[in-house]
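Undergrad: got a predicted structure here, sequence first:
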Amino acid sequence: DGIALRRDVPRILEKLASEGKLIKLPDGYSLQTRESSEWDREFRSRQARQLGDLSAAASKRSSLLAALVQDTVGSIKLPQGKCKEPRKLVLHIGTEKPTAEKRDIAVWVRDGWGDSESAVLNDARSAGPGSPTLHVYIPRASADDLRTAIADYEAANGTIAFKGPPATEEGRAARDAMLGRMREAEARRDEIARQIVDASKVFQGGGTELLQLRLADKLRNGAEASLDRLFPNFQQADSDRWDTVLTRAKNDEDALGVLGFHDKPQRHPVCAAVLAAVGSGKKGKEIRAIFEESPYGWPRDAVDACLILLHTAGHIRALYASNVLSPGQLDQAKIPSTDFRAETVTIDAGQKIKLRKLYQILNIVPKPGEEVAQAGAFLTQLSELAGRAGGDRPMPVRPSVPHLEHLRGLAGTEQLAEILKQHDVLEAQAKQWTAAADLAAKRQPAWDRLVQFLTFTASLPESAALQSQADAARAQRRLLDATDPVPAIQKAAASMLRAALNKAHGAHAAVFAHEKAALESGENWKKLAPKQQQQILHDQAIFDAPALDVADDAALLRSLQDCSLPSWQTRTHAAPQQFACAALAAARLLEPKTQRVHLTSATLKSPDDVTAWLNKTRQELLEKLSDGPVVIG
């Protein structure tokens, strides 16, 4: 009976193999050998231990089911909306309730070995219809078959590891049979587990069961519904064009036009929410975290584009590395480390034009949108201008600028608003201080020259009146008066110095000419060669008096700096001595023993005094003659 044999023989062979009477090989069956019997005994021993260890069996079962669910969850991709924002399912296995997820959807997995289906369903209902968590229940099905398959696999695997590589042909056959038993048990185990997992029930928050055929389909459909629960505000920012808005936001306040929105930026729902979140101050990374989590889940590009656009439009202030960023300087890379603060005031287009005109008074010409960036430069330049509009005497007192310091302590549109409040005052001061600074720059050099002139007139008795007038101008800070006090005093001082310098130069020239004539008329001088004469004059620093240039005040000052009035007097007194030394040098050149004798000075009151002095001098000269020719000094 072939049909009966073909039906019964395989069944009987499997039974005999399971009883250990045969061994199953990859290509058939064989009688047990002594070595295969040892492998079989080791397997059965391990199998019995595996079946008796309920704790280990439960752990392996849980790990197996969890891995299959994890593979299913990992295969599900969740791009949300037009912008295809990626979302994740986060697996949570066990009886403990998962913590609320702010960015991801929790998948809470329990099985029939630890919980009942009713308990899982009750938890889903208790969570409410707004909960995004998915509740998965794995039924307790084919429990004994699964436990047996797990035990068979672990026993076969353990036996192979314990026995190691066999050395005999019978041993290799026994090992091949055990490998076949392990693979068969593994396939049976995985198939049973897969069927159990595929039979899992999935409940949405609120208790609604998802009825798709496969677990993956149930989770995908449930997750898509959970996204709306986790991110109810997502639709406000769902667009695939935020990258274009981000590119334009630095320079274009109408960047939202690419989304079809042409109102003011702060009125767009995403920008309005971002502006409200910034409030009195937050870091960029904090703002991102708020809107990337529930209930928003907005794309990062959307949040960053709104931050940059609100900064460009002047609604928020950005402080990066202790520096206030001007519109156009904020980019995505800086956002996490930037401190943002909502501006309490805003500046409209007309006010910005008014500010730019104010800046232009000081030759600052900002482009539209640079009002905040140039405010600091304007205030700094105005403060410097105040410093040049006054100063030390005889300049007027420098203008007080505490209001400028206050303005410089502000930032952003708050600073611009305060500048606009003081616009008229600042405009008047900018003009007044510019005029004063220009006048000071013009008059200060003349005052400095007058001070130098008065220094050179110190030796002239008639200079006291001029010094008194200059001291009065200094004390009364009159340098920038409508009538300049300097020219009249300077003119008188220059005239006085010019006359005194001409007189001193003339006196020196007369003495120089007289002494030179006396030297040149001497017998000794005439005997010298011109080259010898020039050498003596050079050695005694006797040079013709320089020409005097006093044509204008600048030339007069240079002449005084080259040689002051006291210096001319010194030169005049020194000239006779220089020429006397030259005469002595000429004499010594002709007669080396020539000596110079200085006549003693005395006060002569009577003819007898004169006679006595002459006799004494005559005696001294006669004594000197014995040593050589005498030159009277």
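TA: It's in.
Undergrad: every contact and neighbour count from this point should use C-alpha atoms.
TA: Will do.
Undergrad: how about residue 331: what's its closest non-neighbour residue?
TA: residue 308 (6.9 Å; Cα to Cα, 6 or more residues apart in numbering).
Undergrad: contacting residues for the one you found?
TA: If you count contacts by Cα atoms under 8 Å, 6 or more residues apart in numbering, residue 308 has them with 246, 249, 250, 330, 331.
Undergrad: that one: which element?
TA: helix 300-312 (DSSP states H and E).
Undergrad: output that helix as PDB, nothing but the C-alphas.
TA: Taking C-alpha atoms only, helix 300-312 is exported to PDB below (Å, rounded to 0.1, in the frame of the first residue of the first chain):
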ATOM      1  CA  ARG A 300      13.600  73.600  12.600                       C
ATOM      2  CA  ASP A 301      13.800  75.600   9.500                       C
ATOM      3  CA  ALA A 302      10.400  77.200  10.300                       C
ATOM      4  CA  VAL A 303      11.500  78.200  13.800                       C
ATOM      5  CA  ASP A 304      14.900  79.500  12.600                       C
ATOM      6  CA  ALA A 305      13.300  81.400   9.700                       C
ATOM      7  CA  CYS A 306      10.900  83.100  12.000                       C
ATOM      8  CA  LEU A 307      13.600  84.100  14.500                       C
ATOM      9  CA  ILE A 308      15.800  85.600  11.700                       C
ATOM     10  CA  LEU A 309      12.800  87.300  10.100                       C
ATOM     11  CA  LEU A 310      11.600  88.800  13.400                       C
ATOM     12  CA  HIS A 311      15.100  90.100  14.000                       C
ATOM     13  CA  THR A 312      15.300  91.600  10.500                       C
END
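Undergrad: could you tell me the angle between the helix or strand that that helix is followed by and helix 300-312?
TA: Next in sequence after helix 300-312, counting helices and strands by DSSP H and E, comes strand 316-320. Strand 316-320 and helix 300-312 meet at an angle of 100 degrees, taking axes from the mean of the first three to the mean of the last three Cα atoms, to 10 degrees as the criterion.
Undergrad: who are the packing partners of strand 316-320?
TA: Helices and strands touching strand 316-320, by 3 or more Cα pairs under 8 Å, 6 or more residues apart in numbering; DSSP states H and E, are helix 300-312, strand 339-342.
Undergrad: how far away from the center of its chain is the helix holding residue 308?
TA: 20 Å (Cα atoms, centre = their mean, to the nearest Å).
Undergrad: among the contacts of residue 308, which ones are buried?
TA: Taking 16 or more other Cα atoms under 10 Å as the criterion, what is buried in the contacts of residue 308 is 246, 249, 250, 330.
Undergrad: I figured the second one hits residue 304, correct?
TA: Okay, so that is residue 249. No: with contact defined as Cα atoms under 8 Å, residue 249 does not reach residue 304; the gap is 9.5 Å.
Undergrad: just checking, residue 565 touches residue 502?
TA: No: at 9.7 Å, residue 565 does not count as touching residue 502 under the criterion of Cα under 8 Å.
Undergrad: neighbour count winner among the two?
TA: residue 565 (23 against 15; other Cα atoms under 10 Å).
Undergrad: can you tell me which of the helices and strands packed on strand 316-320 is packed in deepest?
TA: helix 300-312 (a mean of 26; mean count of other Cα atoms under 10 Å).
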